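Trainee: Take a look and give me a structure for this.
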Amino acid sequence: MSGGFTADNPGEAFGEFGKKLDEVADNARETRNLLRGMVADPGLFGIFLGQIMGAAASAACDDSADGFDKFGEALEKHREKLDKAAKSYEEQDQSVKDEMSEFVW
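Mentor: I've put the predicted structure just below:
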């Protein structure tokens, strides 16, 4: 006869992974904020060339910041899905326990 499947606190795995998602999302937001704050000094290459390069660098930083913003949003959506999956898992696990308890003597 099988000993059955057991897991030591399976909800903990969902929680740990959720913490990692939150951590990465926070890092993405911090990186986005750093990129938004970057300004290229037009004086580095002279007035004319510096303005052109500075504008291009600022635009590239804004584009990169937008990418990190979208990445952070995607991580938040995955965290929401993870929370739903954890809740569903716990509900199903409890349902199985309740059903199986009817057959225990």
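Trainee: In contact with the closest residue to Gly72 other than its chain neighbours, which residues are there?
Mentor: Nearest non-adjacent residue to Gly72, counting by CB to CB, 6 or more residues apart in numbering: Ala28, 3.9 Å away. All C-beta atoms are positioned from the backbone trio N, CA, C, and that covers glycine. By CB atoms under 8 Å, 6 or more residues apart in numbering, Ala28 lies in contact with 68-69, 71-72, 75.
Trainee: now, which of these sits nearest Asp22?
Mentor: Among those, Leu75 lies closest to Asp22 (CB to CB), at 8.0 Å.
Trainee: okay, the contacts of Ala28 in JSON lines with neighbour count next?
Mentor: Shown next, in JSON lines, are these (neighbours: other CB atoms under 10 Å):
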{"residue": "Phe68", "neighbour count": "19"}
{"residue": "Asp69", "neighbour count": "17"}
{"residue": "Phe71", "neighbour count": "17"}
{"residue": "Gly72", "neighbour count": "19"}
{"residue": "Leu75", "neighbour count": "20"}
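Trainee: Make a markdown table out of those and add secondary structure.
Mentor: Shown next, in a markdown table, are the contacts of Ala28 (DSSP: H, G, I helix; E, B strand; the rest coil):
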| residue | secondary structure |
| --- | --- |
| Phe68 | helix |
| Asp69 | helix |
| Phe71 | helix |
| Gly72 | helix |
| Leu75 | helix |
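Trainee: ok, Asp62 to Val96 distance?
Mentor: 51 Å (CB to CB, to the nearest Å).
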